[in-house]
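[1] A structural model of the following input is requested.
(chains A and B)
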Amino acid sequence: MTFTDVVAGALDVDPAHVTDDAGQDTLSSWTSMRHIQLIVMLEEAYSLSFDYEEIAGARTVREVREVLRAKGVEV
Amino acid sequence: MDTRLRWQEIGRTDVRPVVRVGLLASYTIDPLVPHLGVALHDAGLPVAFDTAPYNQIVRQCLDDASEMARAKPDVLVVAPRFEELGDELLTAVDAAVSAARRWKSFLVVVLPAVPEDRPFGQLDDGRAAGAAALAHEVRETIRAELAGRPDAWVVDAERAVRAVGTAKAHHAAMFKFAKIPYTEAVFGELGAQLAGVLRAVHGVTPRVVVVDEDPALEEPVRWLRESGARLVVRAAGEEIEDVAAREGVPAESAVLLTLGGKPDGWRDEVARSGLLDRMPAPDRAARRIRHSARETVSLDDFMAGLNVEVELEPVGPETAAKVVEVVSRAKDFTLGTEKLDLTEDREVFAVRVRDKFGQYGISGAVGITGGTVVDVFSLSCVVLGKGVEDVVLRRLRDEHGDLVFRHRATSHNQITAGFLTDAGARIEEIP
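    Numbers count the residues shown, from 1 in each chain, chains lettered A, B, ... in the order given. I've put the predicted structure just below:
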């Protein structure tokens, strides 16, 4: 399961729409509920745990990727 | 996760749904959709869903103008929890039974899991007042009342939680921020249970079992033969559709069991396949534990019984941050306001709500510009369905007279426009 698949599944979007610039302002399905689901699914996919504040502010795919990289995940 | 992507793929096909399923829960039940949708699709029952806002079971069932009443689904799935509903849980089930009868829907009630919290600590299990005893009494009451009905069934959230394990069944952040009480694994189990029931109801339980020839699988193959299943051993490389055609059954009536090398998983795979699903002998008579036939509560009675109290207070320094946050988070009930700027020339009020279940704190905001234009009217999901919006609108009209509501449509706020229209409000639509 790739990073793109995880994000696409959590946000219910076509994987083709998971670009770095995509975010809460461009993907209408990226609601606060799906943001939480995204966090949990990333935790499960990469066997890690976030402090909520750590990722709550990530509003684009690029920012989510950066949070993961900061935790040592190659994405 | 595969299930979510598969559900997306199914959504992009032009398969016409043959079943409409309505989902009502006291919590956010949306994560169930892909699990149930894929399972039914694979069983040859393409499905479409109608999902109502969370924790509105009674209102959705009793209000003939509700989203679910308009949808009149073929199957109504109702999933209440003790944690949200407490003593009102049976009222919610009664309302669901009544609604299903009016809408001619097949009703499936998800028996609520026994709550994790034990008010009497380690002594909780020893008395009838304990959480577990109360929960089991209510669960059996629901089961007994539905057991005599030909148009209803139950599945069990407790079984789903137990299958996953309590430690892996919940995620605190999911509940705190999204009101999702269960993990994906639990929703997967619930989806499998519901799919099994709906397969049986629609008569699409598997008719042919296909397994690969493998001496190591002697034991599960013996179970299958004992279950009365029509067993076919497949040749190497043969497609399941070809096996089904050879056996003279539709493709969806043939189920392939992969039965991997780990015996721990065999029973689960067989159970999920639907092979073991068969109707138990009917109960001789509905065992009514409650002795008095209760009148189904009316919507007005239910709303009055909530004891909802709403306060509007001018925003001050101590409430400003919370009001801004509530407005930015409100997606369903909002005039389309994404960010509230408190420096703008506008009267802003915080909306505080409490009811018989507790205090919700600041749960909304109203902004009035120039004394006549409402350009902020946002409420949190947690207080919707309680009549809060009606109370706020009434107060605004009492104190400010005829107001114009400046509304911008978003992809989520259709209920706001619907509410204002039904209330006869003047709406100024902005692009």
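
[2] identify each buried residue in stretch A:30-39, please.
    A:30-39 (16 or more other Cβ atoms under 10 Å in any protein chain shown). Any C-beta I mention is one placed from the backbone N, CA and C, and that applies to glycine too.

[3] do stretch B:307-326 as well
    B:308, B:310, B:312, B:315, B:319, B:323-324, B:326.

[4] and which of the residues you listed is nearest residue B:357?
    Closest to residue B:357 out of these is residue B:308 (9.9 Å), distances taken as Cβ to Cβ.

[5] the closest residue to that closest one other than its chain neighbours pairs with what?
    Of all residues not flanking residue B:308 in the chain, residue B:355 sits nearest, at 4.6 Å (Cβ to Cβ, 6 or more residues apart in numbering or on different chains). For residue B:355, the beta-bridge partners are residue B:358 (DSSP bridges).

[6] from chain A, how far out is residue B:355?
    The spacing between residue B:355 and chain A, counted by Cβ to the nearest Cβ, to the nearest Å, is 23 Å.

[7] mind listing what that residue touches?
    With contact set as Cβ atoms under 8 Å, 6 or more residues apart in numbering or on different chains, residue B:355 has these partners: B:306-309, B:386.

[8] need those residues in JSON lines (columns: pLDDT and secondary structure).
    Conversion of the contacts of residue B:355 to JSON lines gives the following (pLDDT from 0 to 100; DSSP: H, G, I helix; E, B strand; the rest coil):
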{"residue": "B:306", "pLDDT": "83", "secondary structure": "coil"}
{"residue": "B:307", "pLDDT": "85", "secondary structure": "coil"}
{"residue": "B:308", "pLDDT": "90", "secondary structure": "coil"}
{"residue": "B:309", "pLDDT": "92", "secondary structure": "strand"}
{"residue": "B:386", "pLDDT": "84", "secondary structure": "coil"}
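
[9] looking at these, which is nearest chain A?
    Of all those, chain A sits closest to residue B:386, with 19.7 Å by Cβ to the nearest Cβ.

[10] distance of that closest one from residue B:38?
    34 Å (Cβ to Cβ, to the nearest Å).

[11] how far away is residue B:173 from chain A?
    Taking Cβ to the nearest Cβ, one finds residue B:173 at 6 Å from chain A.

[12] again but with residue B:71, I slipped
    Counting by Cβ to the nearest Cβ, the separation of residue B:71 from chain A is 20 Å.

[13] find the nearest non-adjacent residue to that residue, please.
    Residue B:71's closest residue in space is residue B:50 (Cβ to Cβ, 6+ apart), at 4.0 Å.

[14] close to chain B: what parts of chain A are there?
    Within reach of chain B by Cβ under 8 Å from any Cβ of the partner chain, chain A has these residues: A:1, A:5-6, A:8-10, A:12-15, A:28, A:31-33, A:36-37, A:39-41, A:44-45, A:52.

[15] quick one: buried residues of stretch B:348-357?
    Within stretch B:348-357, the residues scored as buried using 16+ other Cβ under 10 Å are B:348-355, B:357.

[16] before we move on, what about stretch B:114-121?
    residue B:114.

[17] chain center to it, what's the gap?
    From the chain centre to the centre of stretch B:114-121 is a distance of 23 Å (Cα atoms, centre = their mean, to the nearest Å).

[18] which residues touch it?
    B:81-83, B:124-125, B:127, B:129-132, B:135-136, B:139, B:158, B:166, B:170.

[19] and what of stretch A:32-43?
    A:6-7, A:9-12, A:24, A:48-50, A:52, A:55-56, A:64, A:68, B:1, B:28, B:30-31, B:171, B:173-174, B:177-178, B:180, B:183-184, B:329, B:331.

[20] tell me where the stretch 1-150 of chain B has helices.
    According to DSSP state H, counting those that start in this stretch, the stretch 1-150 of chain B carries its helices in the segments B:2-11, B:32-42, B:57-62, B:67-71, B:82-85, B:89-103, B:131-147.

[21] chain center to the fifth one: distance?
    Translated: helix B:82-85. 13 Å.

[22] which strands or helices does that helix pack on?
    helix B:89-103, helix B:131-147 (3 or more Cβ pairs under 8 Å, 6 or more residues apart in numbering or on different chains; DSSP states H and E).

[23] ok, now with 10 Å
    Packed against helix B:82-85, as judged by 3 or more Cβ pairs under 10 Å, 6 or more residues apart in numbering or on different chains; DSSP states H and E, are the following elements: helix B:57-62, helix B:89-103, helix B:131-147.

[24] could you look over these and pick the most buried one?
    Most buried of the helices and strands packed on helix B:82-85 by mean neighbour count (mean count of other Cβ atoms under 10 Å in any protein chain shown) is helix B:57-62; its value is a mean of 26.

[25] which intervals of the stretch 51-200 of chain B have sub-threshold pLDDT?
    Counting by pLDDT under 70, the stretch 51-200 of chain B has no low-confidence residues at all.

[26] what parts of it come near chain A?
    B:54, B:168, B:171-180, B:183-185 (Cβ under 10 Å from any Cβ of the partner chain).

[27] which of these tops the neighbour count?
    Taking other Cβ atoms under 10 Å in any protein chain shown as the neighbour criterion, residue B:180 ranks highest of these with 27 neighbours.

[28] can I assume that residue is in contact with residue B:79?
    No. Residue B:180 is beyond contact range of residue B:79, at 11.9 Å (criterion: Cβ atoms under 10 Å).

[29] shared neighbours, the two?
    B:25, B:27, B:29, B:32, B:54 (Cβ atoms under 10 Å, 6 or more residues apart in numbering or on different chains).

[30] any idea how far the residue of chain B found nearest chain A lies from residue B:184?
    Closest to chain A within chain B is residue B:4: 3.6 Å, counting by Cβ to the nearest Cβ. As for residue B:4, its distance to residue B:184 is 9 Å (criterion: Cβ to Cβ).

[31] assign the closest residue to chain B within chain A to helix, strand or coil.
    Residue nearest to chain B within chain A: residue A:9 (3.6 Å; Cβ to the nearest Cβ). Using DSSP: H, G, I helix; E, B strand; the rest coil, the structure places residue A:9 in helix.

[32] what does residue B:344 give?
    Look at residue B:344: counting by three-state DSSP, its state is coil.

[33] what is the neighbour count of it?
    Neighbours of residue B:344 under the rule other Cβ under 10 Å: 11.

[34] contacts only, for it.
    B:367, B:369, B:375-376.

[35] okay, the residues you listed in a markdown table with distance to residue B:398 and neighbour count next?
    Output for those, formatted as a markdown table (distance: Cβ to Cβ, whole Å; neighbours: other Cβ atoms under 10 Å in any protein chain shown):
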| residue | distance to residue B:398 | neighbour count |
| --- | --- | --- |
| B:367 | 18 | 24 |
| B:369 | 19 | 16 |
| B:375 | 19 | 22 |
| B:376 | 19 | 26 |
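
[36] let me have these in TSV, adding distance to residue B:268, secondary structure and pLDDT as columns.
    Converted to TSV, those look like this (distance: Cβ to Cβ, whole Å; DSSP: H, G, I helix; E, B strand; the rest coil; pLDDT from 0 to 100):
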residue	distance to residue B:268	secondary structure	pLDDT
B:367	54	strand	95
B:369	60	strand	93
B:375	55	strand	93
B:376	51	strand	94
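
[37] count of residues packed around residue 48?
    Let's take chain A. 12.

[38] please refer instead to chain B.
    For residue B:48, using other Cβ under 10 Å, the count is 15.

[39] close enough to count as contact, it and residue B:36?
    No. Taking contacts as Cβ under 10 Å, residue B:48 lies outside contact range of residue B:36: 11.4 Å.

[40] find residues that contact each of the two.
    With Cβ under 10 Å, 6+ apart as the test, residue B:48 and residue B:36 both reach residue B:21.
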